[in-house]
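[1] Could you look at this predicted model? Sequence included:
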Amino acid sequence: MDQWQKKWQRNKQSTSIGFEINHSALPSDSNAYSRDYNYPSFNYGLRLSLNDVTMHRDPDPAWGYAEEVDYDSRLGNIVTAYTTFTRPLLRTKHWTLDYLLGSGIGYGKHKYSPGNNIDNELTGSRFLIYFVAGAHATYRVTRDWGLTAGLEFFHHSNGALNRPNKGANVITPVVGIRYMPYYEETLRRPHTTAQKDTEQPRVGHWFSKITIGTGGKTLNEDWQLTQFNTPPDSARYRTSRFHFYTAYSLQADILYRYARRWASGIGADLFYGTYANHVKQLDQAAGIDLPHSPWSFGLAAKHHAYYNRLYLNMAVGVYLYRHMGQNAKEIEKPYYERIGVNYAFPKLGNLSIGFNVKAHLTKADLTEIVVSYPISH
């Protein structure tokens, strides 16, 4: 919770139960990427989150025109379909230590609604973007069965595709039972393996990459206006309908492929937001005189983590040019983050398609679909 959410948060308990089917890479049928990641598994699961999370905004001069209602709003239960990548860091006869990263799509019936859920600022849409990260220890009690315990962080939000968009963040201990019929083979790690390395990358070289993206967002400026600066007798008072604005991006990167699974480098990021003029009009109406431009430019450190044709791309950047008005000055940082997943097509020169979420201090700024093309040197 941020400092504002804490003001009206009531209950905050969440309990979840899940079921996963896991597909593990084995030494006998896997490739070099699998060996690099210590024979990881892809997990496909369903998670039901039972949320006893309620919110109630008390009268407060800081809330402007927002009025108290006579009920508690709630987050409601969320069901999520997801995929995770689990990598063992240590595997012994009885113990396994691993970490996981994953993403998926959630559905929650009780989104923000002016009619009956007006103080739920966590989720503004029924369909939600899901992200999970965690670490576990598993103790093998029989040949094929183990007991698992660990710690996970998971997040549901709209990816700025709708408002509100604070997001529901959960940090939780986890316990589970794991069926592991593959364990003996991964533990033995035969020296002779069936190889599937026909698409091996060239390691130890620099390459450049061009990426174009298109996506969009709804504006926090519109949310703030309708929540706190619009009188109750207006049709837009605390509305749930917000205009969707298109955004575009161009990335030019130079990276060094220093390992089969990793490449790192630096890139220049150019952004164009079609919403800049609307933000300018809102600022002018509020008597704020600031420069506004639809263009933003930044430099970013970039990293790729590869597994066969999939790769995770991560970036942390600093704006060198950005004029997006008063709200951006207040809530954005001078830096930004990007994270996404791409799939490459070797027959198309390793052209890849994926999606990114761009954020400021982990709060989503926009969601985009991207197409990338690498140029070898």
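    Sure thing, it's come through. Remember, predicted model here, so these are calculated numbers, not experimental data. Numbering: from 1, shown residues only.

[2] so where do the helices sit in the stretch 251-377 of the chain?
    According to DSSP state H, counting those that start in this stretch, the stretch 251-377 of the chain carries its helices in the segments 276-285, 325-331.

[3] Ile339 is in contact with Tyr311, isn't it?
    No: in this structure, Ile339 is not within contact of Tyr311 by Cβ atoms under 8 Å, at 11.8 Å. In this view, the C-beta of every residue, glycine as well, is placed from N, C-alpha and C.

[4] what's the least confident stretch among the helices of the stretch 251-377 of the chain?
    Out of those, the stretch the model trusts least by mean pLDDT is helix 325-331, with a mean of 90.

[5] and that helix, what does it pack onto?
    With contacts defined as 3 or more Cβ pairs under 8 Å, 6 or more residues apart in numbering; DSSP states H and E, the packing partners of helix 325-331 are helix 220-228, helix 276-285.

[6] Please name whichever of these is nearest to Asn43.
    Set against Asn43 and scored by Cβ to Cβ, the helices and strands packed on helix 325-331 come closest in helix 220-228, at 34.2 Å.

[7] which residues sit against the closest one?
    Residues lying outside helix 220-228 but in contact with it, judged by Cβ atoms under 8 Å, 6 or more residues apart in numbering, are 63-66, 163-165, 236-239, 242-243, 278-279, 282, 325, 327, 331.

[8] ChimeraX command for the buried members of those?
    Only the buried entries of these go into this ChimeraX selection, using 16 or more other Cβ atoms under 10 Å:
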select :63,66,163,164,165,237,238,239,242,278,279,282,325,327
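
[9] Below-threshold pLDDT in this structure: ranges please.
    Residue ranges of the chain with pLDDT under 70: 189-199, 377.

[10] Now do the domain split for it, please.
    The chain breaks down into these domains under automatic domain parsing: 3-188, 205-376.

[11] Tell me where the stretch 101-250 of the chain has helices.
    183-188, 220-228.

[12] still on that earlier bit, Trp95: which of the helices of the stretch 251-377 of the chain is closest?
    Nearest of the helices of the stretch 251-377 of the chain to Trp95, taken as Cβ to Cβ: helix 325-331 at 44.2 Å.

[13] Pull up the gap between the residue lying closest to Tyr258 once chain neighbours are set aside and Pro374, please.
    Excluding its sequence neighbours, the residue lying closest to Tyr258 (Cβ to Cβ, 6 or more residues apart in numbering) is Gly204, at 6.7 Å. In this structure, Gly204 lies at 15 Å from Pro374, with Cβ to Cβ, to the nearest Å as the measure.

[14] Between the two, tell me which one has more neighbours.
    Residue environment comparison for Gly204 versus Pro374 gives the larger neighbour count to Pro374, 21 against 8, counting by other Cβ atoms under 10 Å.

[15] beta partners for the closest residue to that one other than its chain neighbours?
    Of all residues beyond its chain neighbours, the one nearest Pro374 is Lys209 (4.6 Å), with distances taken as Cβ to Cβ, 6+ apart. Beta-bridge pairing of Lys209 under DSSP bridges involves Asp253, Pro374.

[16] From what I see, Lys209 and Leu255 are in contact.
    Yes: applying Cβ under 8 Å, one finds Lys209 in contact with Leu255, separated by 6.6 Å.

[17] hey, what's in contact with both of those two?
    Shared contacts of Lys209 and Leu255 (Cβ under 8 Å, 6+ apart): Gly267.

[18] There's contact between Ser41 and Asn22 in this structure, I believe.
    Yes: if you go by Cβ under 8 Å, Ser41 and Asn22 touch, sitting 4.6 Å apart.

[19] Show the backbone phi and psi for the nearest residue to Leu361 once chain neighbours are set aside.
    Counting by Cβ to Cβ, 6+ apart, Lys333 is the residue found nearest to Leu361 once chain neighbours are left out, at 5.2 Å. Here is the backbone geometry of Lys333 (degrees, to the nearest 10): phi -100, psi 170.

[20] residue boundaries of the strands in the stretch 201-350 of the chain?
    Taking DSSP state E, counting those that start in this stretch as the criterion, the stretch 201-350 of the chain carries its strands at 205-217, 245-257, 262-273, 292-307, 310-324, 335-345.

[21] between those strands, which gets nearest to Asp144?
    So among these, strand 292-307 is nearest, using Cβ to Cβ, at 25.5 Å.

[22] buried set for that closest one?
    His292, Ser293, Pro294, Ser296, Gly298, Ala300, Lys302, His304, Ala305, Tyr306, Tyr307.

[23] Sweet, I'm off.
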